[in-house]
Every structure is written in C-alpha cells, then in structure tokens.
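1. whatever this is, show me its structure:
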Amino acid sequence: MSPDFWSPIRLSLEVASVASILVFGLALAAAGWMKGRTFAGKSALETLWMLPLVLPPSVVGFGLLVMLGRNSTVGQAIEWVFRQPLVFTWWAAVIAAVVVAFPLAYQTIKTGLESVDPDLEDAARSMGAGEIQLLWYISIPLAWRSMITGYTLGFARALGEFGATLMFAGNIPGKTQTLPTAIYIATESGDMMLATYWVAATVLVSFGLLSIVHWLKRRS
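-> Predicted structure coming up:
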C-alpha cells in the first residue's frame, strides 16, 4: 500500500488517541464534580454538555468555527499566541473529536460513578477523606469498568467523527484528512476499491473497540 493509503489511518488513530485522552480527563472531572451536587442550572448545564450528541455534526462544526475561527476573539487570540490560526489544523481535528465524543464518555462515566454505594463514600468521609480522595480511592476503583467503557466509546466516537471535523479542520491530505473524510472523498471521486479498504480498516478497529465494551459488560 502507498503512503497515501496509510496517511488517513495514521491521522485518525493519532487524532482519536489524543482526543480520547482529553475526553476521558474532562468527562471524569465533570462527572466527579457533578456527582451528588444540586444547584440551580444543573439540568441546563448537563443539557448543554449533551447537545453535541444530538445535534448534526455540521452544526457542531459551524459552532466551533464561530467560537474558535479566525473572526472570533478567541480564535484571534490563539492565532496571535501561536502565530497561526487554529482552524484547518491537526489540533482543530482533535478539538472537533473532543467536542463530539465528550457527551458519550461523560454519560457513561457519570452512570458508573453514581452506581457506587454511597454508604462507602459516607464512611470514607467520616474518616476525613476529601472529595478528590473519594473519587480517586473509592469511586474510580469500584467503577473501573465504566471508566474503561467511557474511554473506549470516546475513542470510537472520535475515530468516526466526520461532519464537525470537515467543517472545522477541513480535508487536507496528510494533515487533517481522517478516515471518514478520506472515505467520502474516495467515494465522490469514484475510487470505490480504495474507499472499501478504508471502510474495512474503520470497521475492524471499531469492532475491536465495541468487543471490549461488550466483554466488560459481561464481566460486570
């Protein structure tokens, strides 16, 4: 196979790997912070976090362009600091993947943390444990299957992201062209054989990830 064949696969794995690590950290922090809290606007905040799960990816990508594009204040600040715009870069692909994968990972991890017996946490609190210690030494070890499932689903969602990535990061070969965008371009140009190979690679990786999730569910 030529380097052009492997480039989208490599880029997709790189983007999904970095994005899934960021998603896991953000989802764990958000779920740990939200667990057991009651405050005005909690439902609205969680609804906002879950929006990318139900919105069309192109809408998410447009929102990223508005908030982080060259015409936005944040985008101009980023361009001034790093001497280049964020849009249509490798990091733009990562950010798009993070945004669309976060809701799935957050919901999975939050469900796992909420399944931990509160009596155990109350007992640890009575012994002087703080909230971070509770999360690290009690909740995470007891909900480790949900942690792995959340990370795996986040990786799979990041790997398959198309619309937001195309809108925000573009389709630059060797730079931002991930597997979904490469498959789309190959199909549009009539190269069905190449598209089939890329589809097979995507299905193989996704099947392996989902197999891990199902295996964890059977063991829980």
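2. how about the most centrally placed residue in the chain, secondary structure?
-> Taking C-alpha atoms, centre = their mean, the centroid of the chain lies closest to residue 101, which sits 2.9 Å from it. Here residue 101 takes the helix state, with states given by DSSP: H, G, I helix; E, B strand; the rest coil.
3. then the one 10 residues further on?
-> Per three-state DSSP, the secondary structure class of residue 111 is helix.
4. now do it: how many residues are near it, please.
-> By other C-beta atoms under 10 Å, 14 other residues sit near residue 111. (Glycine included, C-beta is placed from N, CA and C.)
5. for it, give me its contacts.
-> residue 146 (C-beta atoms under 8 Å, 6 or more residues apart in numbering).
6. any idea how far residue 31 is from it?
-> 9 Å (C-beta to C-beta, to the nearest Å).
7. residue 75 now?
-> On the measure of C-beta to C-beta, residue 75 and residue 31 end up 29 Å apart.
8. and residue 93, by the same measure?
-> Residue 93 sits 25 Å away from residue 31, taking C-beta to C-beta as the criterion.
9. neighbour count winner among these two?
-> residue 93 (31 against 25).
10. which residue, other than its chain neighbours, is closest to that one?
-> Using C-beta to C-beta, 6 or more residues apart in numbering and skipping residues adjacent in sequence, the residue nearest residue 93 is residue 169, 3.9 Å away.
11. need the helices for the protein, in chain order.
-> For the chain, the helices defined by DSSP state H cover 3-34, 42-54, 57-68, 73-82, 90-114, 118-126, 131-134, 140-142, 144-159, 163-168, 179-188, 192-219.
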